[in-house]
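> Can you look at this prediction? I've put the sequence above it.
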Amino acid sequence: MSLVVDHLFKRFGSVVALDDLAFEVQAGQVFGFLGANGAGKTTTMRITLGVLEADAGRVTWRGIESHRLPRSTWGYLPEERGLYPRMRVLDQLVFFAGLQGVPGERARREAMAWLRRFRAEDLADRRAEQLSKGNQQKIQFIAATLHDPQVLLMDEPFTGLDPVNVMLLREAFLELRDRGRTVIFSTHQMEVAEALCEAVAIVDRGKMVVGGTLREVKRATGRRMVRIAVEGDHRLPWLSAVPGTRVIQAGMDRSTVELDVGVEPDEVLAAAVGAGARVRHFEIADPSLEQIFIDFVGRPANEETHLATLEPVAGAESAA
Amino acid sequence: MTHEAPTGRGATARNVGLVAGREYTERVKSRAFVFSTLLMVGLAVVIALIPLAFRVMERATVTRIAVAAPDAALADRTVSILDAFLNASADGTTGGPKPFVFEVMPAPQDAVDAVADAQVAGAVIVERTADGGLDFQAVTIGGLGQDKLSLLQLGAFSVGVLDWTAANPNATNPFVPPAFAVIDAGAASAGGDGAVDTSEYASRRIVGIVFVVLLFLTLVFYGLWVASGVVAEKASRVMELLISAASAPQLVLGKILGIGLAGLTQVTMILVPALVMMVLSGQVGNAMLGEDPGAATSLAGLSPGLIVAFLVYFVLGFALYAALYAGAGSLLSRAEDLQIIALPLSIPAIAGYLPAVLALSGSSAGFIRFASYVPLWSPFVMMARLSIGRVEPWELALSLGLLIATVPLVTLLAIRVYRAGVLMYGQPPTVRTFLRAVRGS
């Protein structure tokens, strides 16, 4: 009763897109497919849809090879957004639902219901080219879900959305899950995945790096965190007494301390109490998904949003 | 609960229909379609009115000739003979507006004055000699050419013979000017329906030109619609959504069908008013200018069989060219790239157009017959040969058979290219890209 990505291989010319990629998604889950750009997320989705053929391996849903299933099994939100620019929104939605076998009248009714839920019913008569990017994205989401597919494949659904629309889309995901649908989405935004997914797979350069339920993945490194709030010096000077610990986020309110494998959280608490610090909050936590990603992949997923490493400026040394 | 997902043929037919319907509606509703149709309808109607305009102009250029004779009977006889000679049409019929009009003048001097005043192009003065014979004089100041003067001379001879017959009643068989018709030896040897007279041959050629030009324009033009439609879907990235909802064969077939029907709609909207106008203008012309069987023959080469052949070759030819254009379009990423493929893609059509034009001029050289069997060219060349009327039944069967066999093969190839091509972005439309798409990688 699950979607199985069964050892996929795919090359484009000399570029290896998928290299023995394998993971499993339980039916009814919200599943995060995490990786940087070029990790092979889109290729995997296209193979699942049957739009692209794998060089080797296969994808099955409930034991049946994906390309043997009717297309209406899947709802797909492509990463590259696009609608017919001059076609009315409602007409497009009815057209796409029609291709999936939904009769016109029902498609019209359900499209209007979805538009109302997205607080966008006034868009129905507008042409797609008149819509903002965020609104186009909503319409595409509706186009992907209108035929009520069993599995939703969403390629970077949150990219380019403002916070309000991110909230709307998250709610829609959870509602679809509650209706028994399986939602698989790719992202390089770890905080979104962390908030939404029951299970994730982290991929890098076409290979599976780590996967499983969120809890399993977070504990896969064996590393734990402690969130601690003390009165007085928030830089936690007493922490140096406990080897294998470091502050990764110092805050006035609370600080996050990372523990190496084998270091028990109790040791941190004991050290704090021993040093006479007045502990107001103490919490044992798992590392963030972002941290896990960096641990496994060696760089952040959204590397482009971080500054590149500082290169030594020529002549700086001689001046020093 | 999920709805029942129809699979197999039902889903294919449904999706081909949906894609075709969307394509058709978008085309037909577009401003470009409405404007280009109106423009072409106007143009076609104007062209259809040209024969009428010619008739009006011909009427305006009637040549007037004065006739003067010593007695009224001789004057009448002269006029009727000259009228029969100079106004005889090639097919031997008479009637309609006459190019030559004769006016009887009371005295020779009046006729000469009329020529001098340029009231008439020339004058024929008949005088009876002492021995009862006739003397003819043609008076003109450059108004009558050598060919007209030769006709007048023949006419004079006939008037003389007739005059002599009238004066000698023992002659049992009165003189009748012989019938005369011009037969085009080339047209007469045309296979199939026997001898064709010159005016019908000319009419067939006109009809053939119209069909060949129309086929050439529509196949290339509507083919480009298909390519630009595919490119637009790729450029707007709606393709990604489409290809996940419908299969490549459904999308290609739907697009070809939808645009083909839009094209057929436009052709019909252009042709029907033009044909109606042609028929009406013939009737209006007859009412205004009198019967002219010669004018009616501009439609004589147009038979129901030819119209059926045109529709068959349009449908099959369009399917073939549209498949090529769909495949080529799928390799492009931007609308600007269309220019790159427009010329190379129109070369096969141009290569077929040239032998078609030669076939229209009556040539039946080996390579023209060959070209009329080759699927990419047969729509033009066979249509030209059919219009002229020199096609053996087996040739038509071979031409259609090859075309019918090629269409699905090329369509399958186009679908294969399309399936890979629509997901390729930013790659130049080169032969290498094409081969990679055919391999499906």
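In hand now; what should we look at?

> From here on, just use CA atoms for contacts and neighbour counts.
Fine.

> phi, psi of A:Gly57?
The phi/psi pair for A:Gly57 (degrees, to the nearest 10) reads phi 90, psi 180.

> Without its sequence neighbours, what residue ends up closest to it?
Using CA to CA, 6 or more residues apart in numbering or on different chains and skipping residues adjacent in sequence, the residue nearest A:Gly57 is A:Leu8, 4.3 Å away.

> Is that neighbour located within a strand, as I assumed?
Yes. Assessed by DSSP: H, G, I helix; E, B strand; the rest coil, A:Leu8 belongs to a strand.

> how deep is it tucked in, by neighbour count?
By other CA atoms under 10 Å in any protein chain shown, 23 other residues sit near A:Leu8.

> ok, the residue in the stretch 1-150 of chain A that chain B sits nearest to - contacts?
Nearest to chain B in the stretch 1-150 of chain A, going by CA to the nearest CA, is A:Gly82, at a distance of 4.2 Å. Residues in contact with A:Gly82 (CA atoms under 8 Å, 6 or more residues apart in numbering or on different chains) are A:Gln136, A:Gln140, B:Ser236, B:Arg237, B:Val238, B:Met239, B:Glu240, B:Leu241.

> possible to save those residues as a markdown table with distance to B:Gly260?
Shown next, in a markdown table, are the contacts of A:Gly82 (distance: CA to CA, whole Å):
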| residue | distance to B:Gly260 |
| --- | --- |
| A:Gln136 | 31 |
| A:Gln140 | 29 |
| B:Ser236 | 23 |
| B:Arg237 | 24 |
| B:Val238 | 22 |
| B:Met239 | 20 |
| B:Glu240 | 24 |
| B:Leu241 | 24 |
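
> Can you list which of those are found in helices?
Those of the contacts of A:Gly82 mapping onto helices are A:Gln136, A:Gln140, B:Val238, B:Met239, B:Glu240, B:Leu241, per DSSP state H.

> Quick check: of these, which lies closest to A:Val30?
Nearest to A:Val30 out of the ones in helices among the contacts of A:Gly82 is A:Gln140 (CA to CA; 19.1 Å).

> Report the beta-bridge partners for the spatially closest residue to the closest one that is not a sequence neighbour.
Residue nearest to A:Gln140 in three dimensions, not counting chain neighbours: A:Leu77, with 6.6 Å by CA to CA, 6+ apart. Beta bridges link A:Leu77 to A:Met154, judged by DSSP bridges.

> which element is B:Leu52 on?
Assigned by DSSP states H and E, B:Leu52 falls within helix B:31-60.

> near chain A at all, that helix?
No. Residues of helix B:31-60 are not located near chain A by CA under 8 Å from any CA of the partner chain, the shortest gap being 12.0 Å.

> Any idea how far that helix is from the middle of the chain?
14 Å (CA atoms, centre = their mean, to the nearest Å).

> Of all the residues in it, which ones are buried?
B:Phe33, B:Thr37, B:Met40, B:Val41, B:Ala44, B:Val45, B:Ala48, B:Leu49, B:Pro51, B:Leu52, B:Arg55, B:Arg59 (16 or more other CA atoms under 10 Å in any protein chain shown).

> Dump the helix or strand following it to PDB, keeping only the CA atoms.
Using DSSP H and E, the helix or strand that follows helix B:31-60 in sequence is strand B:63-68. C-alpha atoms of strand B:63-68 as PDB (Å, rounded to 0.1, in the frame of the first residue of the first chain):
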ATOM      1  CA  THR B  63     -14.800  47.700 -82.600                       C
ATOM      2  CA  ARG B  64     -17.200  49.600 -84.800                       C
ATOM      3  CA  ILE B  65     -17.100  49.200 -88.500                       C
ATOM      4  CA  ALA B  66     -19.000  51.300 -91.000                       C
ATOM      5  CA  VAL B  67     -20.500  49.500 -94.100                       C
ATOM      6  CA  ALA B  68     -21.600  51.300 -97.200                       C
END
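
> Partner strands of strand B:63-68, with direction?
Using DSSP bridges, strand B:63-68 pairs in its sheet with strand B:100-105 (parallel), strand B:122-128 (parallel).

> What are the phi and psi values at the closest residue to chain B within the stretch 201-320 of chain A?
Among all residues of the stretch 201-320 of chain A, A:Gly206 sits closest to chain B, at 17.2 Å; criterion: CA to the nearest CA. Phi and psi for A:Gly206, reported as degrees, to the nearest 10, are phi 80, psi 0.

> Apart from its neighbours in sequence, what residue is nearest it?
Nearest one to A:Gly206, counting by CA to CA, 6+ apart, is A:Leu18 at 3.9 Å.

> Return the set of buried residues in whichever strand or helix holds that neighbour.
Element membership of A:Leu18, judged by DSSP H and E, is strand A:15-26. With burial defined by 16+ other CA under 10 Å, the residues of strand A:15-26 counted as buried are A:Ala17, A:Leu18, A:Asp19, A:Asp20, A:Leu21, A:Ala22, A:Phe23, A:Glu24, A:Val25, A:Gln26.

> Go ahead and confirm the fifth one touches A:Lys207.
When you say that, I think you mean A:Leu21. Yes. With contact defined as CA atoms under 8 Å, A:Leu21 and A:Lys207 form a contacting pair (5.2 Å).

> Pull up the residues of the stretch 201-350 of chain B that are close to chain A.
So far as CA under 8 Å from any CA goes, the stretch 201-350 of chain B lies against chain A at B:Glu233, B:Ser236, B:Arg237, B:Val238, B:Met239, B:Glu240, B:Leu241, B:Leu242, B:Ile243, B:Ser244, B:Ala245, B:Ala246.

> re the thing from before, any chance of the buried residues of strand A:15-26 in a markdown table with pLDDT and distance to B:Gly352 as columns?
Converted to a markdown table, the buried residues of strand A:15-26 look like this (pLDDT from 0 to 100; distance: CA to CA, whole Å):
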| residue | pLDDT | distance to B:Gly352 |
| --- | --- | --- |
| A:Ala17 | 90 | 45 |
| A:Leu18 | 92 | 47 |
| A:Asp19 | 92 | 49 |
| A:Asp20 | 92 | 51 |
| A:Leu21 | 92 | 52 |
| A:Ala22 | 92 | 54 |
| A:Phe23 | 92 | 56 |
| A:Glu24 | 92 | 57 |
| A:Val25 | 93 | 57 |
| A:Gln26 | 93 | 59 |
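
> What's the local residue count around residue 130?
If you meant another chain, say so; for now it's chain A. The burial count for A:Gln130: 14, using other CA under 10 Å.

> Not quite, go with chain B.
B:Ala130: 7 neighbours (other CA under 10 Å).

> Give me the secondary structure label for it.
Here B:Ala130 takes the coil state, with states given by three-state DSSP.

> Thanks a lot, see you next time.
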